[in-house]
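Asks: just to be clear, the model below is a prediction. Sequence and coordinates:
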Amino acid sequence: MAAEIGRTASKHLSSECGKATSLSSPGSDVSLDSSRVTPETEQQQRQSPPPPPPPPQQQQQQQQQQHPQQDRTSSATIRQIRKVRVNTTPRATTLPCRNRPLLATAQPAADNNQQQQQQQQQQQGPINADNVTSTAEAVTEVPGAIKTTINIGFAMNHVNDQENLKQLSLAPVQVNEVEEMDTQEETPNDGGGDGTDNRPINGEPELACIVQDQEMEEDEARSEATFRYTVENISKMKDSQLSPACYVRNLPWKIMVMPRSSQTQERQPQRSLGFFLQCNGESESTSWSCYAVAELRLLSCKEGQEPFSRKIQHLFYSKENDWGFSHFMTWQDVLDPDRGFIKDDSITLEVHVVADAPHGVSWDSKKHTGYVGLKNQGATCYMNSLLQTLYFTNQLRKAVYKMPTESDDSSKSVALALQRVFHELQFSDKPVGTKKLTKSFGWETLDSFMQHDVQEFLRVLLDKLESKMKGTCVEGTVPKLFEGKMVSFIKCKNIDYKSTRVETFYDIQLNIKGKKNIYESFSDYVSTESLDGDNKYDAGEHGLQEAEKGVIFSSFPPVLHLHLMRFQYDPVTDCSVKFNDRFEFYEKISLGKYLQNKEATSADYTLHAVLVHSGDNHGGHYVVFINPAGDGKWCKFDDDVVSRCTKQEAIEHNYGGQDEDMSMAVKHCTNAYMLVYIRNSELENVLQEVKEEDIPQELVERLQEEKRLEQIRRKERTEAYLYMTVNVLLEDSFDGHQGNDLYDPEHALYRVFRVRKQATVHEFLELLSDSLKYPIEQIRIWPFSQRSNQTCRPTLIEPDADLQKPIIDCAENHNPWNVFVELVPPDSDMTALPPFDKDTDVLLFFKLYDPKNKKIHYCGHHYMPVVAKVQELIPILNERAGFPPDTELALYEEIKPNLVEKIDNLTEPLEKVLEELMDGDIIVFQKEGDNEIHELPTCREYFKDLFYRVEVTFCDKTIPNDPGFTMELSLRMTYDQMAKAVAQRVGTDPYLLQFFKCQNYKDSPGHPLKCTFEGTLKELVSYCKSKVKKLFYQQLSIRVNELENKKQFKCIWVGPSLKEEKEIILYPNKNGTVATLLEEAKKQVELSENGSGKLRILEINCNKLLPGPGDDVPLDNLNSSGTKLYRIEEIPNDELNLAEGELLVPVAHFHKDVFSTFGIPFFFKIKNGEPFPKMKDRLLKKLGVQEKEFEKFKFAVVTMGKPQFIIDSPDYCIKLDDFLPKYSNQSTSPHRPWLGLEHVNKAPKRSRINYLEKAIKIYN
C-alpha cells in the first residue's frame, strides 16, 4: 500500500496541557465523559484487556479493503512538509508499556493565531513528490514481541523540499520489536511524572487520582511506552494539535496531528490526516539525539476491528525532532463512519514507541544501570567497547590494580593510566575520559581520530599488559586468562608419518562467509586440507607424499575471544569489504568436540560480551553488549551512554543479514564483530567481585591525590577571572642580559605569583615576604612601566598612597604585571632598605661594556640625589666593576634602542645632564682609552650593531619539514658574510651552499639567490611577515658560482631490471644539448657490468612512454610540465641496432581501462612474423615476474585509446603494421600504438588517507 512519510519542523510548536472532556480505555469502543467516571468504570477500564488481534493475513486484507485505491506497488505518492504552530490539545490518553491505562488531561490553549496560521498554510501550498513508494502491513501483537513490516521515513529538510523529495527511496524492512525490559521504578513529581496537568475538572476530584497507582509505578527512563490522544471535533479541525507528553528514556514524546492538503495524480485537491511523533520538541539544546522506532495507530471504534497503523524509525535530534506521515489517511476515510475510526466527531490516535538511550542529554547511566560509560575522543568507540569488555573481566581488573606503578611517570605509564580508567569506571558517577590513557600510549591528538580494528587493538593492548606484568606479582595473568593451545598437523595418507606443532592463541578468527552459525565456523576451522597433485607434502626422506593438513584444539582458555571475520578481501572489487551476512551465535555453546582430548572440565561456555560494528570497511561505529554478572542481564555500552537491554537485543539483533525476524531497529550493516565467552567452570573465578580492599591502598591514595590536584586546577580555571599574574624579577635576573633595557621579556626567568585582583599591594608584600623569606621592610616593589620611547623601566610605588590600593589598579589592568623586587643585599648588615625620597632621589642602573669581548655586564643599581654631580658616580662604578679608584671612565646614557648618548660634562648635576631624568634610567660605562683596535670600540657601536641584529632560521631545502637551526646575524651583513657564517655552522665551504628566499605567503623556498647578490641580509628577510625570519639553503656538489652557469635538470633514472625508479638532478651547461645531458648523467648513475654503456632519454606521460628528443636538441627545448617528465636509461644491448623487420614499441601496464595505467613503462623490441608465444617468453624474461602471475596477463594493441586484445594462440604472429604510427582526421600528428599489459595492480596503493589507516601502536 502506498504511503508517504514526511516530517514537519515543529521546533516552534507550543501548547499547554489542559483538561480533558472525555477519555477512552484500551479495547473500549465508546468515549466516556469525564464527569461520569466512577470507581466502578475506572476499575473496569483497568481490567479490560485489549482485544485479541486477528492474524496477519486478515489484517492485511482489512487494510487493503480500507484503501482499495492504494496498493503496494503504487508508483506515486504525495508528501508535504510544512512548519506549523499548535493551538489546541483537547484530550489525551497515555498508556504504559504494559498496556495499562495511564490517563492524563490536556487543557486547551488560547487560539490567538488561528487565522494567521491558516493563511500561512494556504500560501505554502502542497509539495508533490513523484515515484516515492513504501509498503505497510497489518500488525500482529504477541506477548513480548510484535512482528511487523515497516515503512522507513527519510529525513527531509523543510528548505528546498521538492528537491529533497526527488532523492527519496523507501524500502520495506521487517522487524521484531523488543520485549519489555525490567526498569527501575521511580516516583514521579507532584502532579504526575509525565508533565501533564491533573487539576480538577468540572468540580470533580482530580483526574490524576484515577491512575495514581499506575503513575507512581511508571519509570520515565523506560525504553518503550504506548500512549493515546483523542482529537475532538475532528471535522472542524483546522490547526495542528499536540498531545501531553509521555516520557520515554527521560525525554518527552508527543503525538502531533494536523490536517494536510495536497493534490492527487489527477491534480484534484485532496485532504489528509497528518500524524507525527515528536520528541523533545521544546528543548533549546542542539546537542541531543535519540534513535527510536514507533508504530503510529489510528484506533477503531468498532469492537474487534484492528487499528490502522504504520511504522517509522528515525534518529530524532534538534533539527528533526518529529517524524511521521504527512498523509497518514485521507480525510474522507477518517470521517467515514463506515470505516469505524470516528465516533461522536472524535478520533483516537495511539503510539507505541521503542527508544534507545539518548545522547547529549542528562542520561544518568549510573542510576539506571549501575555502570558508567567512556567518553569518545573522536573515533575511539572501538577502544571504549574493548575497555569495557576488559573491565568486566574482573580477574583481569584485579590483576591490573595490583601492577606496581608507584614510581611510574603518570603521563607515560600505560599500566597506571589503565588503573585510573578502571578505578573511575568502578567508582565514578559520570562518564570517564580516556585522554590520559591514549596519551600514555604515546598517541598524538590525531591518533584519537583514526578508525582502528578492535581486534587489532586488543592484541596490541594485551601484549603490552603481558610485558608490563613480567617480574611482578601478577605475572602470567594474561596468558592464564586468554591463552589457548592448538595443534597444527600434517599427516601422510600412505605412510606412517605425521608432523605436529603446538601453537598458542589469544583469539580465534572464525570465517563466517557461507556459514550459518558458530558451530559451522568451528567445524570449518578444524577441517582438513588435502595436499596432493602439485601440492604434495615434502616428507623428507620419504619424498613427496599425499597428506592431510589441519589443526585441532588441545585446550581452550577461561576467556575465549572469537573474532568474526566480517572484513575479507574481495577479488571482484580488489579490496577489503564487509560481509553483513546473517551469522548465528548463542548464549551457551559447547566446544568439546573440537578438542583433541577431553579436558578435566567440559568446554561449555557462556556468552559474556558482544562487540558490534555498524558501518563498512571505510568507517563506522562500535558498541558493546555485556552480560556483567553472567546471569543473562544485559547492558548496552555506547560510548558515554549505558542502558539496560534485552537478551534479544544483545544476541539475536546482532546476527546480521536481513531476515524477517530482524527488528526494524537494527540496520543491515549492524552486526556482531567479536564475541567474548567465559568457560562455565571459570565463571565464578573470572567474574569474582572486585572490592575496595582488592585495590592497593597506595594506588587509591595516588589517584585521590591526582583527583584533588585536578579539582584545584579546575577551580583555578573557574576562578581565573578573579586572579591576575604577577611576574617578579629579582636583581639576579638582569645578569647576562646583552640587549636594551634590563631584561628580555621573552626569555626572562620570572618568579610567578597568582594574586587576587582585589588584593591590596600590602597583602602582596606579605605574600612576597612569606615566599622570599625577607621581612617586609627589606622589600621594595618597582613595577615596570612602558615609556613613550619604546623602553621599559622600573617606577616607584608610593608607600603611603598605593599600599592600600587594589593591585589591579596599581597594575593599570595589565595582566600579567611585571615588577622588579628590590631586596636588602644578602651580605649587608642593614635591617631595612634605605629610605627613598621620590622628590629628591633617583634610581639608576649601571651596565659595563667590554669592547674586547663585545659583552655587557650588569653592575647593579644605586639611589642618587638628583642634584648630585655625574662625577660622583665614578668611584661607585669603579668599585662595582673592580677597577682601581682612579680609572678613567667614559659614561653613556642608554636612552632608547639604537640611541646611546655619551655624557661629556661630568661636573654638572644629574638632573641637567641626563635627558628627562627618571627612575630606572640606565648608565652604561667603559674604560676610557685606546679602544679603536676592537671591532665595536664603544657601547654606542655595540648598541647600534645590536639594533640591527636579528634571529634567522636556516632550513635545509632538501629535507621536508626541516626545523633548521637559528643564528643571530646582523641585518647589515653581506651575502658573503652570511654564507661564511652559515657554512661555519654547517661545516662546509661557503661556495658549496645555495640560498633561497622564503615565499611571502607560503612557508616554502622561492627562487635561488645568486652568489653575486650585492644587497644586505635586511633586504632578504625584510619581507618576512612572521617574527621569525627564515631562509632556505641546500648543500651542493659543485661550487655555486659554477652552478649559476649550469641548468638544473630533474629526471628519472631506471635500471635494466625495470624494478626501481629514482629521481636524479643533473647540472649540464646552460647552452648544452641532450648529448651533454647524457654525459653528465653517466657521472651520477651506475651502469650495468655487461651493458651497452650508452644512455637514451625518453618522455613519460601518464605512465605511457614516448621517444625522447635527439642528441643534438638544445636543453632549452626540454621542459617538464604537468604529467610529462623525462627518463634516462641504459640502452639494452639487443636494442642498439635494429634489423629490418624489427621495431621498438612502447609497453605499459593498465587495469580494466587503458587510461588507468600504472607501473614502469618500457620499450620492447618486436619482430615481424614472430610467433606470439615466443614474443611472450622474451617479454616474461624482461619483466622478471612469476610465471604463474604472468599467465593472468592479457595483451592488447592500443591505438588512439582503443584496445584490440590479442588472441593468445600459437598460430598468431606479430605484425609490424599493427604498431606503425596512425593518422586521424582530427589530428595532424600521428598516433603511436602501444602494447598494453592488462592485469591487476598489486603494488601498494597510496591512499589519500594513508595516515589515518596506519597500524595501531602503543609506544610507551
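Replies: Received it, and whenever you're ready, just let me know what you need. Note that the structure is a prediction, hence the values are computed from the model and not measured. Residues are numbered from 1 along each chain as shown.

Asks: tell me which strands the helix or strand containing Trp253 pairs with, and in which orientation.
Replies: Mapping Trp253 onto the secondary structure by DSSP states H and E places it in strand 251-263. According to DSSP bridges, the neighbouring strands of strand 251-263, each with its direction, are strand 241-242 (antiparallel), strand 246-248 (antiparallel), strand 269-279 (antiparallel).

Asks: now do the buried residues in that strand.
Replies: When burial is assessed from 16 or more other CB atoms under 10 Å, strand 251-263 yields the following buried residues: 251-262. In this view, the C-beta of every residue, glycine as well, is placed from N, C-alpha and C.

Asks: tally of neighbours for Leu873?
Replies: Per other CB atoms under 10 Å, the neighbour tally for Leu873 reads 22.

Asks: hmm, who's touching the helix or strand hosting it?
Replies: Assigned by DSSP H and E, Leu873 belongs to helix 873-881. Defining contact as CB atoms under 8 Å, 6 or more residues apart in numbering, one finds that helix 873-881 is touched by 844, 846, 848, 857, 859-860, 862, 864, 883-887, 889, 891, 906, 923, 925.

Asks: now which of these would you call buried?
Replies: With neighbours counted using 16+ other CB under 10 Å, the contacts of helix 873-881 contain these buried positions: 844, 846, 848, 857, 859, 864, 883, 887, 889, 891, 923, 925.

Asks: which ones among the residues you listed map onto strands?
Replies: 844, 846, 848, 857, 859, 864, 889, 891, 923, 925 (DSSP state E).

Asks: my guess is the fourth one contacts Phe846. True?
Replies: No - the pair His857 and Phe846 does not pass the contact test of CB atoms under 8 Å, sitting 9.4 Å apart.

Asks: which other helices and strands contact the strand or helix carrying Lys1182?
Replies: For Lys1182, the enclosing helix or strand under DSSP H and E is helix 1172-1183. Here helix 1172-1183 touches strand 1153-1167, helix 1187-1190, going by 3 or more CB pairs under 8 Å, 6 or more residues apart in numbering; DSSP states H and E.

Asks: about what we covered before: run the chain-centre distance for the strand holding Trp253.
Replies: On the basis of CA atoms, centre = their mean, to the nearest Å, strand 251-263 sits 38 Å off its chain's mean C-alpha point.

Asks: so for Asn627, which of the strands paired with strand 251-263 sits nearest?
Replies: Across these, the minimum distance to Asn627, taken as CB to CB, is reached by strand 246-248, at 24.4 Å.

Asks: hey, where'd the strands end up in the stretch 251-400 of the chain?
Replies: 251-263, 269-279, 289-298, 308-317, 322-330, 347-355 (DSSP state E, counting those that start in this stretch).

Asks: okay, those strands in TSV with mean pLDDT and distance to Val1074 next?
Replies: Formatted as TSV, the strands of the stretch 251-400 of the chain follow (pLDDT from 0 to 100; distance: least, CB to CB, whole Å):
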stretch	mean pLDDT	distance to Val1074
strand 251-263	90	75
strand 269-279	92	74
strand 289-298	94	66
strand 308-317	93	65
strand 322-330	93	71
strand 347-355	94	75
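
Asks: can I get those in a markdown table including distance to Ile1052?
Replies: Putting the strands of the stretch 251-400 of the chain into a markdown table (distance: least, CB to CB, whole Å) gives the following:
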| stretch | distance to Ile1052 |
| --- | --- |
| strand 251-263 | 63 |
| strand 269-279 | 61 |
| strand 289-298 | 53 |
| strand 308-317 | 52 |
| strand 322-330 | 59 |
| strand 347-355 | 61 |
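
Asks: Leu251 and Ser411, how far apart?
Replies: Using CB to CB, to the nearest Å, one obtains 40 Å as the distance from Leu251 to Ser411.

Asks: one step back: got the buried residues for the helix holding Lys1182?
Replies: Neighbour counts over helix 1172-1183 (16+ other CB under 10 Å) mark 1172, 1175-1176, 1179-1180, 1182-1183 as buried.

Asks: what do you get for stretch 272-289?
Replies: By neighbour count, and taking 16+ other CB under 10 Å as the criterion, the buried residues in stretch 272-289 are 272-283, 288-289.

Asks: return the member of the residues you listed nearest to Lys896.
Replies: Nearest to Lys896 among the buried residues of stretch 272-289: Trp288, at 59.8 Å, using CB to CB.

Asks: which residues are in contact with that closest one?
Replies: 251, 280, 317-318, 358-361.

Asks: can I get the residues you listed in a markdown table with distance to Cys1011?
Replies: Shown next, in a markdown table, are these (distance: CB to CB, whole Å):
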| residue | distance to Cys1011 |
| --- | --- |
| Leu251 | 74 |
| Asn280 | 72 |
| Tyr317 | 65 |
| Ser318 | 65 |
| Pro358 | 70 |
| His359 | 64 |
| Gly360 | 64 |
| Val361 | 69 |
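
Asks: which of these lies closest to Gly540?
Replies: Gly540 has its nearest neighbour among these in His359, at 62.6 Å by CB to CB.

Asks: report how many residues lie close to that closest one.
Replies: Residues near His359, counting by other CB under 10 Å: 18.

Asks: need the contact list for it.
Replies: Counting by CB under 8 Å, 6+ apart, His359 touches 288-290, 638-641.

Asks: low-scoring stretches of the stretch 301-450 of the chain, by residue?
Replies: Counting by pLDDT under 70, the ranges of the stretch 301-450 of the chain that qualify are 444-450.

Asks: if we use 80, what do you get?
Replies: By pLDDT under 80, the low-scoring segments of the stretch 301-450 of the chain are 362, 378-380, 441-450.

Asks: buried ones in the helix or strand hosting Lys1030, by neighbour count?
Replies: Secondary-structure assignment from DSSP H and E places Lys1030 in strand 1029-1035. Buried residues in strand 1029-1035, counting neighbours by 16+ other CB under 10 Å, are found at 1029-1034.

Asks: pairing partners for it, with directions?
Replies: When DSSP bridges is applied, strand 1029-1035 pairs with strand 949-956 (parallel), strand 993-998 (antiparallel).

Asks: who wins for proximity to Phe585 among the strands paired with strand 251-263?
Replies: Shortest separation from Phe585 across the strands paired with strand 251-263 is recorded for strand 246-248, at 30.0 Å, computed as CB to CB.

Asks: leaving out chain neighbours, which residue sits closest to Tyr519?
Replies: Spatial nearest neighbour of Tyr519, chain neighbours left out: Ile589 (7.6 Å); criterion: CB to CB, 6 or more residues apart in numbering.

Asks: would you confirm that that neighbour contacts Tyr677?
Replies: Yes - distance between Ile589 and Tyr677: 6.6 Å, which falls inside the contact criterion (CB under 8 Å).

Asks: what do those two both touch?
Replies: Common neighbours of Ile589 and Tyr677 are listed as 605, 607 (criterion: CB under 8 Å, 6+ apart).

Asks: show me where pLDDT drops low in the stretch 101-250 of the chain?
Replies: Flagging of the stretch 101-250 of the chain using pLDDT under 80 yields the residue ranges 101-220.

Asks: the stretch 1001-1150 of the chain too?
Replies: 1001-1003, 1022-1028, 1043-1045, 1048, 1057-1061, 1101-1104, 1116-1117, 1119-1124.

Asks: so where do the strands sit in it?
Replies: Assigned by DSSP E, counting those that start in this stretch, the stretch 1001-1150 of the chain shows strands spanning 1005-1008, 1029-1035, 1049-1054, 1061-1066, 1095-1101, 1104-1107, 1124-1130, 1142-1151.

Asks: what lies in contact with the fifth one?
Replies: Applying CB under 8 Å, 6+ apart, the external contacts of strand 1095-1101 come out as 1051-1052, 1074, 1077-1078, 1081-1082, 1105-1109, 1123-1131, 1161, 1163.

Asks: for PyMOL, write the select line for the buried members of these.
Replies: A single PyMOL command suffices to select whichever of the contacts of strand 1095-1101 are buried according to 16+ other CB under 10 Å:
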select buried, resi 1051+1052+1074+1077+1078+1081+1105+1108+1109+1126+1127+1128+1129+1130+1161+1163
